[in-house]
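Visitor: Task: produce atomic coordinates for the following.
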Amino acid sequence: MTRSEHILIIDDDRDDREYIEEAFVDLDVQNERIYVSSASEALAYIESHSGKPFLIISDINMPVMNGFELRKIILENSDLTKRCSPYIFLSTSGSDDWVNKAFELSAHGYFKKPAAYSDLKTIVHSILNYWNSSLAPVL
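Guide: Numbers count the residues shown, from 1 in each chain. Just a heads-up that it's a prediction; the model follows:
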């Protein structure tokens, strides 16, 4: 079973957004993808839509508000927490401190952006397979 909900991708780097989209296209992912270029834009999107995304994939290092700060805001608001599905970090940094911080904020996954495109496809495929198989609460 493939879930039909959209996937929210938060990344301030246009090249990274295009790279990620290419992986979704090559994997023939049917879910609509919503791309936003800042955590502030993502927060506005989440607050203004009543449905919940299938997945949220977030960069960490973004100007103004980073991915950790966005995740903290979501966790502090029970309504937003209910409407936010699995929150996965996809970052260029794989530092232990950042991974620890992500899981302190109840991240559902943390992946380092790989240099090789084939590795990115493998990561995206693994994330989608896992969450397509996982049961989730119904709003």
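
Visitor: Residues contacting whichever helix or strand R17 is part of, please?
Guide: Per DSSP states H and E, R17 falls inside helix 14-26. Contact with helix 14-26 is made by 7, 9, 11, 31, 33, 35, 37, 57, 59, 90, 113, 117, 120-121, 124, as judged by Cβ atoms under 8 Å, 6 or more residues apart in numbering. Bear in mind the C-beta positions are built from the backbone N, C-alpha and C, glycine included.

Visitor: just stretch 121-133 next, same as before
Guide: Under the criterion Cβ under 8 Å, 6+ apart, residues 1-3, 20, 23-24, 26-27, 29, 54-55, 57, 85-86, 88, 90, 109, 111, 114 lie in contact with stretch 121-133.

Visitor: From these, list just the buried residues.
Guide: In the contacts of stretch 121-133, burial by neighbour count holds for 3, 20, 23-24, 29, 54-55, 57, 85-86, 88, 90, 109, 111, counting by 16 or more other Cβ atoms under 10 Å.

Visitor: Is it possible to get CSV of those that adds pLDDT and secondary structure?
Guide: Converted to CSV, the buried ones among the contacts of stretch 121-133 look like this (pLDDT from 0 to 100; DSSP: H, G, I helix; E, B strand; the rest coil):
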residue, pLDDT, secondary structure
R3, 69, coil
I20, 98, helix
A23, 98, helix
F24, 97, helix
V29, 95, coil
F54, 90, coil
L55, 95, strand
I57, 98, strand
S85, 84, coil
P86, 92, coil
I88, 98, strand
L90, 98, strand
G109, 97, strand
F111, 98, strand
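
Visitor: Quick check: Y35 is in a strand.
Guide: Yes. Under DSSP: H, G, I helix; E, B strand; the rest coil, Y35 sits within a strand.

Visitor: how much space between it and L135?
Guide: 27 Å (Cβ to Cβ, to the nearest Å).

Visitor: quick one, helices of the protein?
Guide: Remark: helices assigned in the chain by DSSP state H are 14-26, 39-48, 67-75, 78-83, 96-104, 117-133.
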